[in-house]
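Trainee: Sequence and computational prediction follow.
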Amino acid sequence: MDDGDSVARSADKDDAPPGDDGSSTPLPETIQIGNSPTYKLDRKLGKGGFGQVYVGRRISTPSLSDRTPGANALEVAIKFEHRTSKGCNYGAPYEWQVYNTLSGIHGVPRVHYKGKQSEYYIMIMDMLGPSLWDVWNNNSHSMSVEMVACIAIEAISILEKMHSKGYVHGDVKPENFLLGPPGTLQEKKLFLVDLGLATKWKDTGTGELVEYDQRPDVFRGTVRYASVHAHLGRTGSRRDDLESLAYTLVFLLRGRLPWQGYQGENKGFLVCKKKMATSPESLCCFCPQPFRQFVEYVVNLKFDEEPNYAKCISLFDGIVGPNPDIRPINTDGAQKLIYQVGQKRGRLMMEEDDDDQPKKKIRMGMPATQWVSVYNARRPMKQRYHYNVADGRLAQHISKGNEDGLFISSVASCSNLWALIMDAGTGFTSQVYELSPYFLHKEWIMEQWEKNFYITALAGTQYAQQSYKVSDSFPFKWINKKWKEGFYVTAMATAGSRWAVVVSRNAGFVDQVVELDFLYPSEGVHRRWDNGYRITATAATWDQTALILSIPRRKPADETQETLRTSAFPSQHVKEKWAKNLYLASICYGRTVS
Ligand SMILES: Nc1ncnc2c1ncn2[C@@H]1O[C@H](COP(=O)(O)OP(=O)(O)OP(=O)(O)O)[C@@H](O)[C@H]1O
């Protein structure tokens with residue numbers, strides 16, 4: 001590896017030493033599990049975060065009744081995982097379960113036998129050859145355009161097959177693509193291994209999609225190749241494998257990705273930010289056109305969108321030689337897929353043009369900031385906004401509002417000027433505020449808490465207990481902990497790149513979720529809206545927008561909620577919304593466009 005990040009792992013998989021050095025239990029010299037023949041352990045093939053893989057040489061004849069495919073193989077790959085290894089916390093490795101469904105499908109090695117011997121969980125499988133990383137590394141860190149295009153074509157067909165069985169791989173990268181053993185008929189055939197991070201994207205029984213969610217503190221995969229959605233902790237779906245494949249292809253072709261070399265505690269954040277800030281054009285500036293088109297297509301896929309695999313494959317047609325027999329990588333799987341789709345539709349996919357409409361590009365490499373304003377349906381009430389308010393004029397607006405029976409329902413800031421929303425719908429009878437050079441001035445807040453004044457963002461709520469946190473990155477871990485203690489987020493703000501989050505008990509919610517992104521997370525918001533969540537707090541920094549969405553304990557008669565994004569304060573829009581009985585519920589200013 002040229003640097004550490006290709007093996008950086010999630011909490012699930014890390015670089016913990018596997019059985020041999022961790023537990024000091026020696027590997028057995030001969031292996032025999034279930035009704036398998038006996039194998040003698042030979043040279044080491046590789047080692048990952050979880051297991052170690054060796055060559056096994058068959059030294060006994062398979063039993064006559066054994067019809068296991070591969071039982072006759074003279075050489076096999078044997079993967080060992082120590083019973084105390086991280087992947088075996090719940091018994092047999094999770095990967096075994098995935099192989100039960102995927103073993104032997106197009107592009108996945110066959111598992112011959114699985115079982116336990118001495119201290120090890122052991123899986124005996126088809127023996128394969130070098131990985132694409134090995135090939136790239138042994139070829140002076142380069143690979144021909146034709147070779148990478150063939151890899152693209154075949155890898156897409158492998159992912160299509162895996163996806164059709166209900167799984168996403170979750171860790172697509174050069175190290176996990178292996179070729180067949182050198183000198184055999186399969187030496188040009190591509191395989192995808194390491195199914196330890198594979199997850200279901202749909203229930204194959206019911207056909208139902210797994211539920212969308214975002215947990216920004218959960219990361220699974222490999223930092224260098226992970227999709228932006230994976231970085232942000234969104235539920236894995238088909239688009240993520242394709243995005244990782246796109247990065248894999250560009251890496252093999254260019255030898256480097258623009259986000260390599262970051263180090264330190266917030267490396268994941270910086271890599272993700274760089275991925276968002278890199279346009280497909282600049283990522284692929286030294287690559288032939290189809291690679292850019294592929295990147296552009298995959299980064300725009302929606303959570304539940306069915307990728308058009310055949311169309312992706314056909315993008316690379318012009319680069320690979322016309323005769324499949326002399327290609328550097330076998331593309332049989334892809335040929336079959338194109339043929340099947342062509343048959344089904346009565347025409348070949350190359351002519352496909354139905355969804356060629358230009359899609360909105362989400363990664364333009366030009367960050368921009370906007371106002372995000374959220375409107376809720378309310379009974380007619382008095383609401384007022386002030387914006388571009390300097391510190392000195394704040395008091396004046398607030399006391400005028402208070403005189404008219406209005407209280408602050410929302411505040412936001414933009415370049416040291418304040419935006420202030422005041423209305424008659426807060427349900428408050430008294431309010432205090434402080435303008436302070438400290439971001440959440442502790443002493444003052446404590447004093448107010450003593451007097452039963454709580455930090456508010458939501459109209460009409462009687463909080464019972466509060467807690468808050470100021471941090472340099474979005475404090476999802478802390479929020480998650482507070483959720484478990486019965487608190488809900490009731491206010492949020494940012495100052496520079498710092499976040500402040502206030503949580504309260506008795507917040508009037510029954511559930512709450514977060515949407516966090518480097519741009520306005522419209523897909524997430526729409527999915528949450530469909531499930532009954534409404535935005536209850538917003539905040540944004542120069543890098544990210546965060547929205548808190550909640551399900552209220554008591555449903556309002558009218559659940560209408562609208563959001564707006566504008567580069568100037570939405571003064572005109574607010575009036576239009578008022579006319580429709582939609583009132584500003586929350587407002588923030590920050591990064592919403594990538
Ligand atoms: N069937 C096989 N034939 C030949 N080599 C293999 C085979 N399976 C795995 N290997 C080699 O062993 C290495 C580790 O295998 P694998 O990736 O399955 O283990 P892991 O512990 O789950 O790894 P990771 O940390 O990447 O998740 C691979 O990178 C590859 O070099």
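Mentor: Yep, it's here. Please read all numbers here as calculations on a predicted model, not as lab measurements.
Trainee: excluding its backbone neighbours, what's nearest whichever residue of the chain sits closest to the ligand?
Mentor: Proximity to the ligand, evaluated over the chain using C-beta to the nearest ligand atom, is greatest for Gly48 at 1.7 Å. C-beta coordinates here come from the backbone N, C-alpha and C atoms, glycine included. In space, and not counting its chain neighbours, Gly48 is closest to Asp194: 6.6 Å by C-beta to C-beta, 6 or more residues apart in numbering.
Trainee: How many neighbouring residues does that neighbour have?
Mentor: Per other C-beta atoms under 10 Å, the neighbour tally for Asp194 reads 24.
Trainee: same question, Gly91
Mentor: Gly91 has 10 neighbouring residues, counting by other C-beta under 10 Å.
Trainee: quick check, it in a strand?
Mentor: No - read with DSSP: H, G, I helix; E, B strand; the rest coil, Gly91 is coil and lies in no strand.
Trainee: where do the strands sit along the stretch 301-450 of the chain?
Mentor: Ranges of strands in the stretch 301-450 of the chain, per DSSP state E, counting those that start in this stretch, are 368-377, 383-389, 407-414, 417-423.
Trainee: Confirm for me that Val513 is in contact with Arg528.
Mentor: Yes - with contact defined as C-beta atoms under 8 Å, Val513 counts as touching Arg528 (6.1 Å).
Trainee: Show me what from the stretch 51-200 of the chain comes close to the ligand.
Mentor: Residues of the stretch 51-200 of the chain lying close to the ligand (C-beta under 6 Å from any ligand atom) are 51, 53, 77, 79, 109, 125-128, 131, 175, 178, 193-194, 196.
Trainee: nope, the stretch 251-400 of the chain is what I was after
Mentor: Within the stretch 251-400 of the chain, no position is near the ligand by C-beta under 6 Å from any ligand atom.
Trainee: what ranges do the helices span in the stretch 251-400 of the chain?
Mentor: Taking DSSP state H, counting those that start in this stretch, the helices of the stretch 251-400 of the chain run over residues 267-277, 280-283, 289-299, 309-315, 332-345, 391-403.
Trainee: Compute the distance between the residue nearest to Gly48 and Glu175, please.
Mentor: According to C-beta to C-beta, to the nearest Å, Asp194 and Glu175 sit 8 Å apart.
Trainee: And Gly233, by the same measure?
Mentor: Taking C-beta to C-beta, one finds Gly233 at 23 Å from Glu175.
Trainee: Neighbour count for those two, which is higher?
Mentor: A count of neighbours by other C-beta under 10 Å puts Glu175 above the other of Gly233 and Glu175, at 20 against 17.
Trainee: How far off centre is stretch 482-499?
Mentor: Taking C-alpha atoms, centre = their mean, to the nearest Å, one finds stretch 482-499 lying 22 Å from the centre of the chain it belongs to.
Trainee: That should have said stretch 519-528, apologies.
Mentor: Going by C-alpha atoms, centre = their mean, where stretch 519-528 is centred and where its chain is centred differ by 14 Å.
Trainee: now swap in stretch 324-331 and tell me
Mentor: Chain-centre distance of stretch 324-331: 33 Å, with C-alpha atoms, centre = their mean.
Trainee: Over to stretch 135-149?
Mentor: With C-alpha atoms, centre = their mean, you get 28 Å for stretch 135-149.
Trainee: And that stretch, what's buried?
Mentor: Residues of stretch 135-149 classed as buried by neighbour count (16 or more other C-beta atoms under 10 Å): 135-136, 143, 145, 147-149.
Trainee: returning to what we had before: for Tyr468, which of the strands of the stretch 301-450 of the chain is the nearest?
Mentor: strand 407-414 (15.2 Å; C-beta to C-beta).
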